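Asks: Need the 3D shape of this:
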Amino acid sequence: IDAIATMPDEELAAAAGAPLRAVRALRGARTLVEARSIAAQLAEPAWVALAADAQPTLERFVELRSGAPAELDEPGARAVVRELQAVGASLAQLRLALTGAPRGPELWTVLTALDRDEALARAARAAGL
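Replies: Predicted coordinates:
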């Protein structure tokens with residue numbers, strides 16, 4: 001973690017093969033191998049189709065994300081996550097929709113790494129829309 005923590009953003013993004021805006025998500029990695037795995041989740045998520053009970057979570061996410069800027073900063077991304085938590089949304093289902101994985105970096109960092117159109121497309125695909 002120390003080596004990753006001390007790497008400049010541009011160097012970490014290049015080493016992980018990720019865009020610069022994904023650096024926040026990569027910072028939680030313990031190794032460069034893990035950082036590359038996170039970068040792959042963000043760039044090429046496994047396709048998942050979520051059950052019908054995920055629909056309310058995905059619908060609320062679409063509402064929130066549609067009204068937000070094209071790219072979220074940290075406060076904006078944290079606000080989306082807080083709002084979803086406040087309405088009892090399943091963050092685990094949203095993580096699956098956005099990354100195709102049950103685990104990974106903090107959800108707010110995923111939201112900063114994906115622009116609005118990509119995030120909305122992934123949510124729609126997972127919902128079967």
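
Asks: What segments of the chain are helices?
Replies: Taking DSSP state H as the test, the helices found in the chain are 2-6, 9-16, 23-26, 32-43, 55-66, 74-86, 91-99, 107-113, 116-127.

Asks: So what touches the shortest one?
Replies: Residues lying outside helix 23-26 but in contact with it, judged by C-beta atoms under 8 Å, 6 or more residues apart in numbering, are 4, 9, 12-13, 16, 18, 35, 38-39, 42, 74, 104-106, 109-110, 112-113. Backbone N, C-alpha and C define where each C-beta goes, glycine included.

Asks: about what we covered before: just send the helices of the chain back as TSV, with mean pLDDT, distance to residue 49 and mean neighbour count too.
Replies: Converted to TSV, the helices of the chain look like this (pLDDT from 0 to 100; distance: least, C-beta to C-beta, whole Å; neighbours: other C-beta atoms under 10 Å):
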stretch	mean pLDDT	distance to residue 49	mean neighbour count
helix 2-6	83	33	11
helix 9-16	96	28	16
helix 23-26	95	24	24
helix 32-43	94	17	19
helix 55-66	93	11	18
helix 74-86	95	20	15
helix 91-99	94	9	21
helix 107-113	96	19	24
helix 116-127	93	6	17
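
Asks: gap between the residue most central in space within the chain and residue 25?
Replies: Nearest to the mean C-alpha position of the chain, by C-alpha atoms, centre = their mean, lies residue 110 at 2.2 Å. Using C-beta to C-beta, to the nearest Å, we find residue 110 at a distance of 6 Å from residue 25.

Asks: Check residue 13 too.
Replies: 10 Å.

Asks: ok so, going back, which residues are in contact with both of residue 110 and residue 25?
Replies: What both residue 110 and residue 25 touch, as defined by C-beta under 8 Å, 6+ apart, is the set 42, 104.
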